[in-house]
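Asks: Here is my input; please provide its structure:
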Amino acid sequence: MIATSTIGRRTFLAGGAGAVVAGGLLEFRSEARAQDATSLPDYAKWKDADALIVHSDKTIETKRGEIGTSIITPKEKLYIRNNVNAPPAAIVANPEDWQVEFKGVREPKTLTVAELKTMGLATVATVLQCSGNGRKYFQDRLTGDQKISGTPWTVGAAGCVLWSGVPLRAVVDTLGGAGDGAKFVTGTGGEEIPAGLDPKDLVVERSVPISNLDNVILAWEMNGKPISLAHGGPLRMIVPGYSGINNVKYVKTVALTEVETDAKIQRSSYRMHAVGEKGAPEQPSIWEQPVKSWITAPLEGAKSGRIQIAGVAFGGMNAVAGVDVSTDGGQTWQKGEFIGPDLGRFAWKVFVLPVELAPGTYSLVSRATDSEGNVQPEEPELNGGGYSHNGWRAPAVEINIV
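Replies: Residues are numbered from 1 along each chain as shown. Next up is the predicted model:
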């Protein structure tokens, strides 16, 4: 269990071995930290350690082979990415007492989770994915003195999750509708900010276009259970189709605003910029997820004969429409088949391709297409944050058939 004492300024800045404060956000030199990380942090001790890679106490990745073929990612195997220290564990002891302030509506009000539960209910399946998932593939392409800092995620900073909660639209309607000039939905997280530091440099506060108003839910359940502290409980703002950072944990304020927040995590962090440049408000924000897929099985050699190649594919804001699979590194392609139930446009789908493989070495890759015709690229353009990698070549699986 997480200690319930308030995080001190010195502890926050230290952040453990390998931690640095970079531009106001706590980031980790995970390349070094991962070398000696052997166990889960206390707040995540309940997770399946054998299914996870611990990069740091705030960055924990699902092993590729643990993604499985059942669509929904069990909470014990779901990745963790926190920007700052979580609030005290006591906040999830009585989740219905958690309060959320609503602004930018005609009748501003603070409501408890218990009150929100009277206003509506919805369940949505979404791909929850860290913005930096796949960053290692960008880092591997760098030359000379180029550098992309951050956790070297491969494919495991993602999962497909069922969220249940109240539609934000229902809350806004109950509170008289949106105020004049509203252009963004802005959520503020409830992480504790140490005294003496500028809250705007550290607060997890994200704005997304108000066009998402009908999609956003304020969720209190994940996969049918109350959301744990590790994943943003007692209440999390879920923005389907959007990168993980926009799904604000411990949400304590929801505002309909005329402009984006000026918090650093929005103003200059999570922006699409060139390698070597700094983030700035005029650059594209890391919002919608791009179409993406990868192979999940087999990951090791096998005997010659019939092999079932499996993986996951999703379209971000759009439904995934198809996936091609190659056994020769993309020289030739075959159509994969989606299996299992369709959980909606924001969820991923499991695909399979049965093939006959003779002895030899094979490079397995997949290439997804969404409902709007967007195709997963061979290699996406480099960017300085290592964000939104969706290339099909880099996550290839090399296997030997005997």
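
Asks: can you tell me which residues contact the nearest residue to residue 158 once chain neighbours are set aside?
Replies: Leaving aside its sequence neighbours, residue 158 sits nearest to residue 129 (Cβ to Cβ, 6 or more residues apart in numbering; 3.9 Å). Every C-beta, even on glycine, is put in place using the N, C-alpha and C of the backbone. Residues counted as contacts of residue 129 (Cβ atoms under 8 Å, 6 or more residues apart in numbering) are 157-159, 243-244, 289.

Asks: switch the cut-off to 10 Å
Replies: 79, 81, 153, 155, 157-160, 242-245, 247, 289, 292, 314, 316, 348, 388 (Cβ atoms under 10 Å, 6 or more residues apart in numbering).

Asks: what does the model give it for pLDDT?
Replies: We have a pLDDT of 98 for residue 129.

Asks: the strands in the stretch 151-300 of the chain, which residues?
Replies: Taking DSSP state E, counting those that start in this stretch, the strands of the stretch 151-300 of the chain run over residues 158-167, 184-188, 205-209, 217-222, 225-226, 236-238, 253-257, 292-297.

Asks: Take those strands and lay them out in CSV including distance to residue 105.
Replies: Formatted as CSV, the strands of the stretch 151-300 of the chain follow (distance: least, Cβ to Cβ, whole Å):
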stretch, distance to residue 105
strand 158-167, 14
strand 184-188, 11
strand 205-209, 16
strand 217-222, 14
strand 225-226, 27
strand 236-238, 15
strand 253-257, 6
strand 292-297, 35
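
Asks: Dump the ones you listed into TSV; add mean neighbour count and distance to residue 361 as well.
Replies: TSV is the format used below for the strands of the stretch 151-300 of the chain (neighbours: other Cβ atoms under 10 Å; distance: least, Cβ to Cβ, whole Å):
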stretch	mean neighbour count	distance to residue 361
strand 158-167	22	28
strand 184-188	25	48
strand 205-209	23	44
strand 217-222	24	40
strand 225-226	13	43
strand 236-238	26	42
strand 253-257	21	52
strand 292-297	25	15
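
Asks: can I get those in a markdown table with mean pLDDT and distance to residue 67?
Replies: Output for these, formatted as a markdown table (pLDDT from 0 to 100; distance: least, Cβ to Cβ, whole Å):
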| stretch | mean pLDDT | distance to residue 67 |
| --- | --- | --- |
| strand 158-167 | 98 | 8 |
| strand 184-188 | 98 | 28 |
| strand 205-209 | 98 | 26 |
| strand 217-222 | 98 | 17 |
| strand 225-226 | 98 | 20 |
| strand 236-238 | 98 | 20 |
| strand 253-257 | 98 | 32 |
| strand 292-297 | 98 | 5 |
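
Asks: Please name the residues that touch the residue lying closest to residue 377 once chain neighbours are set aside.
Replies: Leaving aside its sequence neighbours, residue 377 sits nearest to residue 391 (Cβ to Cβ, 6+ apart; 5.8 Å). Residues near residue 391 by Cβ under 10 Å, 6+ apart: 134, 137-138, 141, 292, 294, 365, 367, 376-381.

Asks: swap in residue 330?
Replies: By Cβ under 10 Å, 6+ apart, residue 330 lies in contact with 324, 363, 365-367, 378, 392-393, 396.

Asks: still on that earlier bit, may I ask which of the contacts of residue 391 has the most neighbours?
Replies: Neighbour tally across the contacts of residue 391 (other Cβ atoms under 10 Å): the maximum, 30 neighbours, falls on residue 292.

Asks: Isn't that one up against residue 315?
Replies: Yes - taking contacts as Cβ atoms under 10 Å, residue 292 lies within contact range of residue 315: 8.2 Å.

Asks: Now list whatever residues contact both of these two.
Replies: Among the neighbours of residue 292, those also in contact with residue 315 (Cβ under 10 Å, 6+ apart) are 127, 348, 368, 370, 376.

Asks: Just the closest of the residues you listed to residue 100, please.
Replies: Distance to residue 100 across the shared contacts of residue 292 and residue 315 (Cβ to Cβ) is lowest for residue 127, with 24.7 Å.

Asks: Run a quick neighbour tally on residue 234.
Replies: Residue 234: 24 neighbours (other Cβ under 10 Å).

Asks: Next, the contact list for residue 287, please.
Replies: Neighbour list for residue 287: 131, 206-209, 212, 239, 241-243, 245-246, 270, 272, 316-317, 388 [criterion: Cβ under 10 Å, 6+ apart].

Asks: same check, this time on residue 320
Replies: Residues in contact with residue 320 (Cβ under 10 Å, 6+ apart) are 127, 291-293, 312-314, 338, 342, 345, 347-349, 351, 368-371, 374, 376.

Asks: Recalculate using a threshold of 6 Å.
Replies: Each residue near residue 320 by Cβ atoms under 6 Å, 6 or more residues apart in numbering is listed here: 313-314, 349, 368, 370.

Asks: Next, give phi and psi for residue 284.
Replies: Main-chain dihedrals, residue 284, degrees, to the nearest 10: phi -60, psi 140.

Asks: measure it to residue 290 for me?
Replies: Counting by Cβ to Cβ, to the nearest Å, the separation of residue 284 from residue 290 is 12 Å.

Asks: higher neighbour count, those two?
Replies: Remark: of residue 284 and residue 290, residue 290 carries more neighbours, 19 against 13, as counted by other Cβ under 10 Å.
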